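Enquirer: Generate a structure from the sequence data that follows.
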Amino acid sequence: MVTANLAFARTFLESLAELPKKQQKKVREIIERFQDDPTRRAQNFERIKHVRDPKVRSIRIDGTYRMILIQPDRGDTLLCVWVDHHDEAYNWVRYKAFEVNPKSGVLQVYSVEENEAPKTAPAKEFQAPQIPHLFATFDDEELLLAGVPTPLLATVRALNHDVDLDDLSPHLPEDACELLYLFAAGYSFLDALDETSRTPQVEPVDVDDFQAALARPGTQRLFHLVEGEAELEAILDAPLAKWRVFLHPSQRRLVEMNAQGPVRVLGGAGTGKTVVLMHRAKFLLESKFTAPEDRILVTTFTKTLAEDLRKQLDELCGVDAQRIEVKHLHSWASQYYERLVGQRLRIASDVERREAMQSAIDEAGDTEYSLSFFQEEWEQVVQLQETVTMEDYFKARRVGRGTRLGRKQRIQVWKVLERYREHLG
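Expert: This is a model prediction of the structure:
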């Protein structure tokens, strides 16, 4: 019997998650049957006309929905890339190319529409000063090595501003887009490679060998090759499968590093910090703290996120997730305090804190500074810098506080703050 190896694109799992439950079930059944025997005629596995890439195929889910696959010219691996309504699915794939980059060896997805070629403005009597191209300091070889597909090289070359790159980015391969943004931010070619943990491809690339491309880390940020029926079932069962199987190489480095102490991971919204957190917990659970009595603590600053992470880690780690404690930081601190001192910790309300501070001011007889000054002094100097004694307070930094305090004034302010601490208990 003829069988097929399947690789799932992140885009496929994302589009699958948007389908109604009934269609999701049908997609799963068809995938399982197709993997067993891709030659079965009843599956309506067929070419699509009027698309840019001749490797594009479709499978009929029902009278309305279609699944989009890519069939390489060589090998028995097929790529599942999208599933949607008939027209939307075909529109999504119409101008897309699925190719192995000849320089990086990464399997890329990008778009080239007919009207995408850069246009030259007509000549005028007055010519404004020419704006340097955004990537003028990089030669074609460097841009190609960064992952820019040859058909898009001229378009990338014509970009003048960051906003132009923003407009083009949806059409670019992810790996190329990442480096281009670093180039635009002032990184050199080598520094950008180092920042993204990439190494240039040394050996010649066979652009028809999709199997080799799927094994490269750069491809694994977007595609995952399924190994066996058990993994296929796990991926299709997990609603957060894309979080489980797609890790960027720099994320994987953070997940699997041997840290000798605390590590701070910085990144803007949507850069994958939560993904790294979950995979790090899973890695420590499976590789470092493997004894039944070992525990991993995951904390967050919001109660809602803690609840979401609990569900996601259950999906990610299976039965081992029982050894991961996921807590809102306030909740964990309260429980720890109760175990430590034998009594329940209660957080004072905003009203109670204001009343306690006003009482401390009245008792100390200090009227030189306002209530808000003392509240901010407590939050920004005492709490933030863990100030416990008057000596600590004299050494504490007061950058940004605005009010300069001499020795006598600091002693007066500290008396108020000490009384406030007593009121809070």
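Enquirer: Strands of this protein, start to end?
Expert: Listed in chain order, the strands of the chain (DSSP state E) span 5-9, 46-47, 56-60, 65-70, 77-85, 96-100, 107-111, 223-225, 296-300, 324-328.
Enquirer: Any chance of a markdown table for those, columns mean neighbour count?
Expert: Using the backbone N, CA and C atoms, a C-beta is placed for each residue, glycine as well. Shown next, in a markdown table, are these (neighbours: other CB atoms under 10 Å):
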| stretch | mean neighbour count |
| --- | --- |
| strand 5-9 | 22 |
| strand 46-47 | 10 |
| strand 56-60 | 20 |
| strand 65-70 | 24 |
| strand 77-85 | 23 |
| strand 96-100 | 21 |
| strand 107-111 | 23 |
| strand 223-225 | 23 |
| strand 296-300 | 17 |
| strand 324-328 | 19 |
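Enquirer: For residue 384, find the nearest of these.
Expert: Taking CB to CB, strand 296-300 is the member of the strands of the chain nearest to residue 384, at 18.7 Å.
Enquirer: What is the closest one packed up against?
Expert: Strand 296-300 makes packing contacts with helix 273-283, helix 303-317, strand 324-328, helix 329-341 when contacts are defined by 3 or more CB pairs under 8 Å, 6 or more residues apart in numbering; DSSP states H and E.
Enquirer: ok so, going back, can you check which of the strands of the chain gets nearest to residue 254?
Expert: strand 296-300 (15.1 Å).
Enquirer: Could you check the angle that closest one makes with helix 303-317?
Expert: Relative orientation of strand 296-300 and helix 303-317, computed by axes from the mean of the first three to the mean of the last three CA atoms, to 10 degrees: 140 degrees.
Enquirer: Let me know the average pLDDT across strand 296-300.
Expert: Mean pLDDT, strand 296-300: 92.
Enquirer: re earlier: and the helices and strands packed on strand 296-300 as TSV, adding distance to residue 221 and mean pLDDT?
Expert: TSV is the format used below for those (distance: least, CB to CB, whole Å; pLDDT from 0 to 100):
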stretch	distance to residue 221	mean pLDDT
helix 273-283	12	90
helix 303-317	18	87
strand 324-328	25	91
helix 329-341	31	84
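Enquirer: related to what we said a few turns ago, make JSON lines from the strands of the chain and add distance to residue 377 to it.
Expert: Supplementary listing: the strands of the chain in JSON lines, determined by distance: least, CB to CB, whole Å:
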{"stretch": "strand 5-9", "distance to residue 377": "54"}
{"stretch": "strand 46-47", "distance to residue 377": "72"}
{"stretch": "strand 56-60", "distance to residue 377": "65"}
{"stretch": "strand 65-70", "distance to residue 377": "61"}
{"stretch": "strand 77-85", "distance to residue 377": "57"}
{"stretch": "strand 96-100", "distance to residue 377": "59"}
{"stretch": "strand 107-111", "distance to residue 377": "55"}
{"stretch": "strand 223-225", "distance to residue 377": "53"}
{"stretch": "strand 296-300", "distance to residue 377": "28"}
{"stretch": "strand 324-328", "distance to residue 377": "27"}
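Enquirer: Out of those, flag the one nearest residue 155.
Expert: Going by CB to CB, the one of those nearest residue 155 is strand 107-111, 10.5 Å.
Enquirer: Please save the CA atoms from stretch 215-225 in CSV.
Expert: C-alpha atoms of stretch 215-225 as CSV (Å, rounded to 0.1, in the frame of the first residue of the first chain):
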residue,chain,number,x,y,z
ALA,A,215,15.1,19.0,8.8
ARG,A,216,16.7,22.4,8.9
PRO,A,217,15.9,24.6,12.0
GLY,A,218,14.9,27.6,9.9
THR,A,219,12.1,25.5,8.3
GLN,A,220,10.9,24.1,11.6
ARG,A,221,9.7,27.5,12.6
LEU,A,222,6.9,27.1,10.1
PHE,A,223,6.6,23.3,9.3
HIS,A,224,6.6,20.2,11.4
LEU,A,225,7.1,16.7,9.8
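Enquirer: wait, doesn't residue 79 sit right on residue 5?
Expert: No. Counting by CB atoms under 8 Å, residue 79 sits too far from residue 5 to count as a contact (10.0 Å).
Enquirer: Low-confidence ranges, the stretch 51-200 of the chain, go.
Expert: 114-132 (pLDDT under 70).
Enquirer: how about the longest helix along the chain as CSV, C-alpha atoms only?
Expert: The longest helix of the chain (DSSP state H) is helix 407-424. Extracted in CSV, the C-alpha atoms of helix 407-424 (Å, rounded to 0.1, in the frame of the first residue of the first chain):
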residue,chain,number,x,y,z
ARG,A,407,19.3,64.4,56.3
LYS,A,408,16.8,66.0,58.7
GLN,A,409,14.0,65.7,56.2
ARG,A,410,14.8,62.0,55.5
ILE,A,411,14.6,61.2,59.2
GLN,A,412,11.2,62.9,59.4
VAL,A,413,9.9,61.1,56.4
TRP,A,414,11.3,57.7,57.6
LYS,A,415,9.4,58.1,60.9
VAL,A,416,6.2,58.4,59.0
LEU,A,417,7.0,55.4,56.8
GLU,A,418,7.9,53.3,59.9
ARG,A,419,4.6,54.1,61.5
TYR,A,420,2.8,53.3,58.3
ARG,A,421,4.5,49.9,58.3
GLU,A,422,3.3,49.2,61.8
HIS,A,423,-0.3,50.2,60.9
LEU,A,424,-0.2,47.6,58.0
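Enquirer: What average pLDDT does it get?
Expert: 87.
Enquirer: Pull out the buried positions in that helix.
Expert: 412, 413, 414, 415, 416, 417, 418, 419, 420, 423 (16 or more other CB atoms under 10 Å).
Enquirer: again, but for stretch 24-35
Expert: 24, 26, 27, 30, 31, 34, 35.
Enquirer: Isn't the second one up against residue 62?
Expert: This points to residue 26. Yes. If you go by CB under 8 Å, residue 26 and residue 62 touch, sitting 6.2 Å apart.
Enquirer: Show me whatever sits in contact with both of the two.
Expert: By CB atoms under 8 Å, 6 or more residues apart in numbering, residue 26 and residue 62 have no common neighbours.
Enquirer: for the stretch 151-300 of the chain, what spans make up the helices?
Expert: 153-157, 162-168, 174-184, 189-195, 210-214, 229-237, 241-245, 249-256, 273-283 (DSSP state H, counting those that start in this stretch).
Enquirer: now the ones you listed in JSON lines, with distance to residue 332 and mean neighbour count?
Expert: Output for these, formatted as JSON lines (distance: least, CB to CB, whole Å; neighbours: other CB atoms under 10 Å):
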{"stretch": "helix 153-157", "distance to residue 332": "48", "mean neighbour count": "17"}
{"stretch": "helix 162-168", "distance to residue 332": "40", "mean neighbour count": "13"}
{"stretch": "helix 174-184", "distance to residue 332": "35", "mean neighbour count": "20"}
{"stretch": "helix 189-195", "distance to residue 332": "34", "mean neighbour count": "15"}
{"stretch": "helix 210-214", "distance to residue 332": "41", "mean neighbour count": "21"}
{"stretch": "helix 229-237", "distance to residue 332": "31", "mean neighbour count": "14"}
{"stretch": "helix 241-245", "distance to residue 332": "24", "mean neighbour count": "20"}
{"stretch": "helix 249-256", "distance to residue 332": "23", "mean neighbour count": "17"}
{"stretch": "helix 273-283", "distance to residue 332": "15", "mean neighbour count": "19"}
